[in-house]
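Student: Turn this into a model:
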Amino acid sequence: VQLVESGGGMVQPGGSLRLSCAVSGFTFSSYDMSWVRQAPGKGPDWVSAINTGGGSTHYAASVKDRFTISRENAKNTLYLQMNSLKPEDTALYYCARELSGSPGYDYWGQGTQVTVSS
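Tutor: Below is the predicted model of the structure:
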């Protein structure tokens, strides 16, 4: 199982980034997926989740109406479109495979850094 994030970088407040997570080694379309972030000196913070077919999405209150999670099962890829970025969005962003039938995650990527600064 492998999850590889990309698309991070440095952006000014108000800017946008699109993160991608390319997965391999498992049947991507069979698993719910999430994005989780970790700011310096803080614990992991759940950002967003999407079900297997992409028709059901959920967001943390802090990113709702600014971020959009999506997936392309044919390409084994998860996305996170981030708009109106704020300095408090600065973090290492991970994609994670959700456990089947219980809370939590069993596989994570290595993360991609997002820095929002003027």
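
Student: Touching, residue 93 and residue 39? I think so.
Tutor: No: the pair residue 93 / residue 39 is not scored as a contact, 10.3 Å apart, by C-beta atoms under 8 Å. (Glycine included, C-beta is placed from N, CA and C.)

Student: Between these two, which has more neighbouring residues?
Tutor: residue 93 (23 against 14; other C-beta atoms under 10 Å).

Student: Going by secondary structure, the residue positioned nearest the centre of the chain is in what exactly?
Tutor: Centroid-nearest residue in the chain: residue 35, 2.7 Å away (criterion: C-alpha atoms, centre = their mean). Using DSSP states H and E, residue 35 maps to strand 33-38.

Student: Quick check: buried residues in that strand?
Tutor: 33-37 (16 or more other C-beta atoms under 10 Å).

Student: and that strand, which strands flank it?
Tutor: strand 44-50 (antiparallel), strand 91-98 (antiparallel) (DSSP bridges).

Student: picking up where we left off before, find the nearest non-adjacent residue to the residue nearest to the centre of the chain, please.
Tutor: Spatial nearest neighbour of residue 35, chain neighbours left out: residue 47 (4.3 Å); criterion: C-beta to C-beta, 6 or more residues apart in numbering.

Student: average model confidence for stretch 41-55?
Tutor: Stretch 41-55 shows a mean pLDDT of 96.

Student: how long is that stretch end to end?
Tutor: 34 Å (C-alpha to C-alpha, to the nearest Å).

Student: ok, now stretch 98-113?
Tutor: Start-to-end span of stretch 98-113 (C-alpha to C-alpha) is 21 Å.

Student: quick revisit: ok, and what's touching the strand holding residue 35?
Tutor: 19, 21, 44-50, 69, 71, 78, 80, 89, 91-98, 105, 108, 111, 114 (C-beta atoms under 8 Å, 6 or more residues apart in numbering).

Student: Could you do stretch 106-118 as well?
Tutor: In contact with stretch 106-118 (C-beta under 8 Å, 6+ apart) are residues 1, 3-13, 15, 17, 19, 21, 36-38, 82, 85-99.

Student: All good on my end, thank you.
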